[in-house]
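**Q** My questions are about this predicted structure, shown below with the sequence.
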Amino acid sequence: MVLAWVGVLLTAMAGVAQQVDLKLASEEWRTSTKGAFAVRLDRRGVLTMSHPNAPAVGGSCATITRVVDLPEIGRDALVLRFYLTDDYCGNKEQAVYFRDAVKERVSDWKEGGRYCEVLLDDVVVWSKDVIGRNGTSTGERFYDLDISELVAKKTQVEVAFRVRDEADTDGPFATDVFWARPELLWGFGKTPPPVEFPPRLPFRREKFRPTAPPAPAAGEVALTVRNAGGVSLDAWPIRWGVPLPQGAITHGGQVALEGPDGRPTSLGTQPLARWPDGSVKWLLLDFVAPLAAGDAQYGLRYGQDVSGASKATPSAAAAPPGRPSAIAHPEGAAKELRLEVADRTYPASPFTFVRHTLEVSGQAGGVALEELSLALDAFPGPSCTVGLDGRAVEASTGLRQVDEARVEVGGAAPTTGRWDGWALSGDGRTLVCLRWPWQQSPCGLLMGENGGSVLLLAPSLDGKLLALAPGEAKSHELLVYRAAEPLDSARAAALNAVFQRPPVVVFQPGWVAGTGVLGPFAERDDRRFPEYEAAAADLAQEILARRESQKAYGFEHFGDLQFEWGFGEALTYWQNTEYDYAHALLWQFLRTGDPELFYLAEQAVLHYRDVDLIHASDAHPDWVGGAHHHSETHTGHGPSISHHWTEGLFDHGLLTGDTRSLDCGRLAADYAARVALASGYGGGEREAGWNLIALMGAYRATGDAALLDAAKKKVDEVLTYLDPVRGVSSAPIFEQTAYEGGTPFMAAILMRGLTGYYEATQDERVG
């Protein structure tokens, strides 16, 4: 015992701080309450004094008390240190909005109403009003109270922490006050030492247990070509991205494809993404093959000793099959539009796949669009045959899909009907198909003596123009099929059916998880996750039902949904694909092989990348690459990192080879990097969470080290400002800004972002 005290004395003489931990979990603490207050202690050692959402009554309080033996400190200072935060910050004026205008202003400012107090021997020695924001850094949440003179010549002192109501309030006054980590400090010289944190609470850390073994570095993967179009065809082009394990191949020629008959299939390839060691991570397969009405089984052999594929894709760019044009207002506004036609064709093949893209310049005000069309070079008039509700109909002057339920044919009055999307020229040799026609109305086909034009945006019946915002875009997909022999309407309808619902490729069970390309990936498991799998099985039908009930169709709307509950008091708020449900649908497709999930995801991706993503802005160059925050219109608000995503774009681009999805993913990733590098930490958890998810999703797809650097800066900020005691990222609550705190669903978003960063870096600070 003597040697122990000598050690303490020598340590104190050396200026090393001593401390006594006054653990709140100790049975020496006594609790008392008066009025409506309640006290509870959690497993972290955080003690909460709560008042319900009821008026305060003066004199009500919650108190914890214990007697503390005081150390012999000589002339040293004795400090009582404790952690204290609460959830009430007050608000002198909160604006309540309706349709982006202030409806009213309300106040919740109860200054002088409730105090946090420290008492020594029943005397208040320190007091703080609960009103005001908590400190944003660790040091600002801890308080050091020098009690040397207050306890001079004492050997014991009764310490109490209390929350007390000073006066009655007319309205409800709910608060949670959090106390933690009380301790006595001495022997530190002039300045108390910084707060130190012990190792984290004990928990069982388990590595993610994949549902499939790692994929071998060389071998074969089974691919199922699933044709949801419902018809068989002699030939159809198939382009699909396949993930491969790290180190498997270094170039696209190290694979070979075998068809359902076991024979080699001619194949072109293109690497879409690479692992850190330079090996191919995602490989685009491009081939033309007979298409069965259901499933067809293929085998892809891979490895550095395998050969058989071409290092180039067989499809190639070709001269556009038509001339795009637009009618915009005011006069001359068409010059603010960029019209791009990208074609993909195959040698000795009748297929030409067309992507038509319109982009509005960044000039303020945008444009008002009356018509958008693609004049076809080889579509002889003056009449054609079109598919309408599954029937072949003659259309002398063309047709116009007025909205999702009405159509005009040959200049007649609108009737109930939906254009199937195909039109066959009078000589039967040219078939044109527009994907998702009635869903993206108004659209149609205009026929004349000199040929036809596809109306990607047809003039509306009431003459109203479509207002497009600066930097807004829109893409359409078309098929032009030039037959050597005339087609009949049945053949035209069959080709269109496959174009509308093209074949997808499904990987063998366990392949995605085994390659590790998406990080930890839970394959479908009806035994372990029966409730989830059963609920997810109805996902596609639920989305389709919501779309139909909301009439979520049209040039801008298709691919998006409205919030079922509105937003505030606004009647209609478009989601702008919150929270990247394209990504969720694509991952669920990879788990199940359900083509319907893929089609819904593709529709959401095309909407988000064109309408929601900002492609240009003269007034706000820093907005470029950001996504409009949801509003009553898709483009009514500026961008927000809390509603910004990249994963769905890259998922789609890597699965399909769609260059626009990949390019837009990079554009969105650059915006996320700029935000991370320029901004400090603030707001709720989801600001940092979605910033990290966007960066890490893009990094997983591209391997761009600059994105990882930006993510590290954001992680550093999170760790600086994250409350180390309660684990909360405290910010004013949007709907009740008089209060601050964390939000469980936003905390989950932040955890997902931090998890992605840990997967890439193994940074133990966030592990």
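**A** Yes, it's here.
**Q** From residue 590, how far out is residue 508?
**A** Distance of residue 508 to residue 590, computed by C-beta to C-beta, to the nearest Å: 12 Å. For the C-beta atoms, the positions are set from N, CA and C on the backbone; glycine is no exception.
**Q** ok, these two, which is more surrounded?
**A** residue 590 (22 against 17; other C-beta atoms under 10 Å).
**Q** how is the protein carved up into domains?
**A** Domain assignment for the chain by automatic domain parsing gives 18-186, 219-302, 328-487, 524-645, 679-767.
**Q** Looking at the ones you listed, spot the one closest to residue 668.
**A** domain 524-645 (5.3 Å; C-beta to C-beta).
**Q** what's across from the residue nearest to residue 351 when sequence neighbours are not counted in the sheet?
**A** Closest residue to residue 351 apart from its sequence neighbours, by C-beta to C-beta, 6 or more residues apart in numbering: residue 237 at 5.7 Å. Residue 237 forms beta bridges with residue 288, as assigned by DSSP bridges.
**Q** Likewise for residue 119?
**A** Counting by DSSP bridges, residue 119 forms beta bridges with residue 124, residue 160.
**Q** where does residue 81 land in three-state SS?
**A** Recorded secondary structure, residue 81: strand (DSSP: H, G, I helix; E, B strand; the rest coil).
**Q** in the chain, which helix has the most residues?
**A** helix 659-678 (DSSP state H).
**Q** Give me the helices and strands touching the helix or strand that it is followed by, please.
**A** As assigned by DSSP states H and E, the chain's next helix or strand after helix 659-678 is helix 685-702. Counting contacts by 3 or more C-beta pairs under 8 Å, 6 or more residues apart in numbering; DSSP states H and E, helix 685-702 is packed against helix 647-656, helix 659-678, helix 705-721, helix 744-761.
**Q** Just tell me which of these ends up closest to residue 376.
**A** helix 659-678 (22.1 Å).
**Q** Which one of the domains of the chain lies nearest to residue 501?
**A** Across the domains of the chain, closest to residue 501 is domain 219-302 (C-beta to C-beta), at 4.6 Å.
**Q** what about that closest one, distance to the chain center?
**A** Remark: domain 219-302 is offset 29 Å from the chain centroid, using C-alpha atoms, centre = their mean, to the nearest Å.
**Q** Numbering from 37 from now on, please.
**A** Shifting the count to begin at 37 puts that one at domain 255-338.
**Q** most neighbours per residue, which of the helices and strands packed on helix 721-738?
**A** Comparing the helices and strands packed on helix 721-738 by mean neighbour count (mean count of other C-beta atoms under 10 Å), helix 683-692 ranks first with a mean of 26.
**Q** rewinding a little: could you export the helices and strands packed on helix 721-738 as a markdown table, including mean pLDDT and distance to residue 373?
**A** What follows is these, written out as a markdown table (pLDDT from 0 to 100; distance: least, C-beta to C-beta, whole Å):
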| stretch | mean pLDDT | distance to residue 373 |
| --- | --- | --- |
| helix 683-692 | 99 | 23 |
| helix 695-714 | 98 | 17 |
| helix 741-757 | 95 | 32 |
| helix 780-797 | 94 | 37 |
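**Q** Of all those, which one is nearest residue 424?
**A** helix 683-692 (29.3 Å).
**Q** Could you list the buried residues of stretch 479-486?
**A** Using 16 or more other C-beta atoms under 10 Å as the test for burial, stretch 479-486 gives 479, 480, 481, 482, 483.
**Q** OK, contacts around the second one?
**A** If I follow you right, that is residue 480. By C-beta atoms under 8 Å, 6 or more residues apart in numbering, the residues touching residue 480 are 434, 435, 436, 437, 444, 455, 490, 491, 494.
**Q** Work out for me the element the nearest residue to it once chain neighbours are set aside sits within.
**A** Nearest residue to residue 480, sequence neighbours excluded (C-beta to C-beta, 6+ apart): residue 436, at 3.8 Å. Per DSSP H and E, residue 436 falls inside strand 434-437.
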